[in-house]
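Visitor: can you look at this prediction? I've put the sequence above it.
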Amino acid sequence: MENVLSIVDMHKTYPGGVHAVRGVSFDVMEGESVAIIGSSGSGKSTVLRCINRLIEPTKGEVRLRGEMINIPNADINDVRSRIGMVFQSFELFAHLRVIDNITLGLRHVRKMSRKEAEREALEVLEKVDMLDRKDAFPGNLSGGQKQRVAIARALAMKPEVMLFDEPTSALDPELIGSVLKTIRGLADEGMTMVVVTHEISFAREVADRVIYMDKGVVAESGPSSVIDSPQTERLKKFLSSISEED
Amino acid sequence: MSETTISLRNAPSEGRIYGYFILVLFSVLLVSIPAVAQEYRSGWDTVESGTNNDLFSVEATGDEIWAFGEEGIVLGSQDGGLSWSPANVITSSDLSMSDSGFGSILAASSDGTVIIKFESASQWTDISFDVGEENIRGVSLIRNDSAIAVGSNGSIWKYESETWSDYSVSGVDLLDVSFLDSERGIAVGDEGAILFSEDGGITWDYRDSPSEASSSRIIDIEFYSDIRAYAITDNGGVLKSSREISTQVGFLWNMQYFESEGGSSNLGVNLTSIEVATTNKFLLSGSGGYLSMSKDGGNIVTKQLIPVDNLTSFNDIVMIDGFNGITVGSGGTILITERSGEDEQVGFEVRDFSEFGSFVDYSKGMLIDGLFATINIVIFGIFLGFFLGITLSMMKTSPTTLKQIAEKRSLNLVRLFGALAFIIGFAFLNYLVPTVEGLGLDGWEYIYAPIGIINPGGITGDLQFENFAYLIFGVSLILLGSLFISANGEYKKSERELFGRTVSWNPWGVRPLNFIATIYTDIFRNTPLIVQFLFIHFGIQIGALIGDPAAELLEGSTGFIVTFLRDDILSNRACVSAIFALGLNSGAYQCETIRGAISAIPSGQMEAGRSIGLNYMQTMRLIIMPQAIRICIPPMGNEMVNLVLNSSLAMVIGYSELTRKAKLINAVTFQVFWSYGMVLISYFIVTWTLALILRYLENKTRIPGLGISGGS
């Protein structure tokens, strides 16, 4: 299996002096789905954003298929178009209809014609089961629908790897299911993905590998079975605190 | 996350329909009220002559007035010209010239027929003589029983002691003669000929006519007094001779240049006669219904209205005194005046502004002019301000720092650039040193140096904006250069001990575009608008700098919009200045408004845009700006209303917009409350319309889920 994404000794210190990530390293293989779990403030979102350089890591390497991408001269726009990103708060473009949200990147980054782009868009909309709302404005969609459109938007660019930044945390419990189903479908199709999540059950079911982060470092990682049999005290404590909440 | 659904289109509420209704009503009112112009009435009145024959000449002496015309017709009036009756004269020749004086009246025909009526005689005496091959063209009495006649080929005859004798001179056709007294007379003729006699018409000397008249036919002369003589040419010129310190009248002749004709010496009509009423007041007659008057010796000649059609050719005028006069013309026309033919103002000459209706009648035209002037500068100001605002706000929000620029290049390249920038900057400043030294400033006075170097010569010197550019570029390049030279590859913030405290600054964090935009907005937001108006108009004179060349560029174009731009906007310097002052100032404020709207867009939108691979400018253009503009419509509306209201300051540079018009109306009518009150309403209409349009636009562009929509 080919190594799609590799992160080596990543550090991030925010301007205020918060040292959020302190030397994180991991690899993501082709077709693998990796779940990053951990409590709030453990640095997992920061790691994700550092991967496509929405945040510049202070130190460390990020490689996409072996190519170093966090150097000043890398074509960052090209790199980003190869990495799909789904945000916690959807970040749909409110002034554009669903279909235009999806075609925007295709037309302006992939330089497709409107017709071509719309054909692609309809395809991915079908995949996330949002075809019937293609002419709606994002403001008129429910949270789950919004998130599925956001997934479709990332998917339309045919990314080599998908990054999910807590895709379900902003959703009402009854809306989570449809989004998770969509993500699970993608994983089953063999999409390479990194999911930052609080949904332990989802991580257990879908992820090939689980990375537990605490205080900016990888505290434990391994196949999804670590959730059932945590090796470290910290993960044990984290898992028990979560189950108490449930 | 709340699930809100907002309907896209809002049905217009009743209040808004009402608003539109009022607006339409106002526009209809403005358009439909007819403008009341001041009216004039002719100063001449028609009187019945009892003949259809052309009348050529008219004379007045004592209580009698006599008119002479076609086929020997002679009409007499004893009542100042009101009623006329034919006299019993036995001639059928056209009596085309006449003269009166010394109690006698003389009329003549070109074929040699001459009739004279002596003082107190009731009958006309025939004193015709044989003119041979020649024609008589002009006659003048020199005593009650003596006269001079002039004619073709230099013919001059003198009637004395009941006989005619020949005193002809060799030369051109003579066309008229006029004697002041028994001795002094002037004859005029073809090719600008002017002859002078001082011995009762026996010997004649040529006088120099003005060069402009040297090829004209001088057809009428009036030797009015010791100090003034006038003559006219048939193509519309007036010649004047005045007594000068050591020169008698009749020696020096000048062509009259008419201020009323734009400095031309030609009235553009075929003149037939001149009648001098007083030294500086004369009347002119001509073909094509032409009667005119000058009250200032010919500087301003005003054509006067006539009560008959324009086909009438007027042949002669006589003034009985300074005000009463008679003119005769073709088809038996006789007109009489009691006010030297001057047009009479009727209608609203003396306006009573104590009634609101008449006040509004008078002022609404001016107000509408002012309204259009205001709208002109407002519209162009808004456009200028908006584009400036967009550009500046984009510059202000640009994230690129010096660090990011430098990081991408190798350290050596950065240092090399730094050294180059430093040297160029230093050269710029060095170039300015002599200029600054020449300003003679001392101590803190140097804060005024930027103004001094732009215009070191004062009002007599040119504006040297390049000096200002040298200063700005010099300073910034030196600073930039020093920073880049000191680069060590880390691009970190620096910390220093200063007065026992740690001061840190981060020159690498400076965003250059933001820096430039900030300087611009700081300058315009920290100076009063009225001073900006004055500085831009009188100081920079942007109209001469930009408006005039631009207008020249459009010269020759005929398109409606281009012509409007050229003639109404660019050629009007005050207008150009007002547009720039408003636009540049508003741009600074709009920049802040748009920037605020941009910051109101969640940062996730930028991240989302970037994450699908759009570059920064694409994301701004396609995602951030469309949303930001929608958000900033209400504050922009505020800004535009402000711009309309601020446009009233254009009055200080003499631009005739609404407020200035109000001042002018007040100056005429003294109705303070009404003048400024009407302007208040006019401003309200403009800004209110603008607000309505913006409100409509806001509803139209509202997108669900973006911003707090509120009610409509």
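Guide: Nice, I can see it. Residues are numbered from 1 along each chain as shown, chains lettered A, B, ... in the order given.
Visitor: return the residues in contact with the residue nearest to B:Asp567 when sequence neighbours are not counted.
Guide: Using Cβ to Cβ, 6 or more residues apart in numbering or on different chains and skipping the chain neighbours, the partner closest in space to B:Asp567 is B:Ala551 (8.0 Å). (Each C-beta comes from the backbone N, C-alpha and C, glycine too.) For B:Ala551, the contacting residues are B:566-567, B:570-571, by Cβ atoms under 8 Å, 6 or more residues apart in numbering or on different chains.
Visitor: let me know the secondary structure of the one residue in the stretch 501-650 of chain B that gets nearest to chain A.
Guide: Nearest residue of the stretch 501-650 of chain B to chain A, counting by Cβ to the nearest Cβ: B:Gly613, 2.8 Å away. The three-state label for B:Gly613, taken from DSSP: H, G, I helix; E, B strand; the rest coil, comes out as coil.
Visitor: how close does it sit to B:Ile523?
Guide: 38 Å (Cβ to Cβ, to the nearest Å).
Visitor: model confidence score at the residue positioned nearest the centre of chain B, please.
Guide: When Cα atoms, centre = their mean is applied to chain B, the residue found nearest the centroid is B:Asn572 (9.8 Å). pLDDT, B:Asn572: 86.
Visitor: contacting residues for it?
Guide: Contacts for B:Asn572 (Cβ under 8 Å, 6+ apart) come out as B:543, B:547, B:655.
Visitor: return the member of those residues nearest to A:Arg107.
Guide: Using Cβ to Cβ, B:Gly547 comes nearest to A:Arg107 of the contacts of B:Asn572, at 42.3 Å.
Visitor: how deep is the residue lying closest to the closest one once chain neighbours are set aside tucked in, by neighbour count?
Guide: The shortest distance from B:Gly547 to any non-neighbouring residue, by Cβ to Cβ, 6+ apart, is to B:Val576 (3.6 Å). Using other Cβ atoms under 10 Å in any protein chain shown, B:Val576 has 27 other residues around it.
Visitor: helix/strand/coil for the residue of chain A found nearest chain B?
Guide: Here the residue of chain A nearest chain B is A:Gly139; by Cβ to the nearest Cβ that distance is 2.2 Å. Secondary structure state of A:Gly139, per three-state DSSP, is helix.
Visitor: I figured it hits A:Phe93, correct?
Guide: No - applying Cβ atoms under 8 Å as the test, A:Gly139 and A:Phe93 come out as separate, 10.9 Å apart.
Visitor: of those two, who's got more company?
Guide: Taking other Cβ under 10 Å, A:Gly139 and A:Phe93 do not tie; A:Phe93 has more neighbours (24 against 20).
Visitor: part of a helix, is the more buried one?
Guide: No - assessed by three-state DSSP, A:Phe93 does not belong to a helix; its assignment is coil.
Visitor: just want the most central residue of chain A.
Guide: Most central in chain A (Cα atoms, centre = their mean) works out to A:Phe164, at 1.7 Å.
Visitor: which stretches of chain A form helices?
Guide: For chain A, the helices defined by DSSP state H cover A:44-51, A:76-82, A:98-108, A:114-127, A:143-156, A:173-188, A:200-206, A:233-245.
Visitor: quick one: the ones you listed as CSV, columns for distance to B:Leu463 too.
Guide: Listed next are these as CSV, based on distance: least, Cβ to Cβ, whole Å:
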stretch, distance to B:Leu463
helix A:44-51, 52
helix A:76-82, 45
helix A:98-108, 45
helix A:114-127, 51
helix A:143-156, 54
helix A:173-188, 65
helix A:200-206, 71
helix A:233-245, 72
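Visitor: okay, these in JSON lines with mean neighbour count and mean pLDDT next?
Guide: As requested, the helices of chain A are arranged in JSON lines below (neighbours: other Cβ atoms under 10 Å in any protein chain shown; pLDDT from 0 to 100):
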{"stretch": "helix A:44-51", "mean neighbour count": "24", "mean pLDDT": "91"}
{"stretch": "helix A:76-82", "mean neighbour count": "19", "mean pLDDT": "89"}
{"stretch": "helix A:98-108", "mean neighbour count": "24", "mean pLDDT": "93"}
{"stretch": "helix A:114-127", "mean neighbour count": "17", "mean pLDDT": "93"}
{"stretch": "helix A:143-156", "mean neighbour count": "26", "mean pLDDT": "92"}
{"stretch": "helix A:173-188", "mean neighbour count": "17", "mean pLDDT": "89"}
{"stretch": "helix A:200-206", "mean neighbour count": "18", "mean pLDDT": "86"}
{"stretch": "helix A:233-245", "mean neighbour count": "13", "mean pLDDT": "80"}
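Visitor: give me the three-state assignment for B:Thr203.
Guide: From three-state DSSP, the assignment for B:Thr203 is coil.
Visitor: for the residue nearest to it when sequence neighbours are not counted, which residues make a bridge with it?
Guide: Counting by Cβ to Cβ, 6+ apart, B:Thr203 lies nearest to B:Ser197, which is 6.3 Å off, once chain neighbours are set aside. In this entry, B:Ser197 is beta-bridged to B:Gly185, by DSSP bridges.
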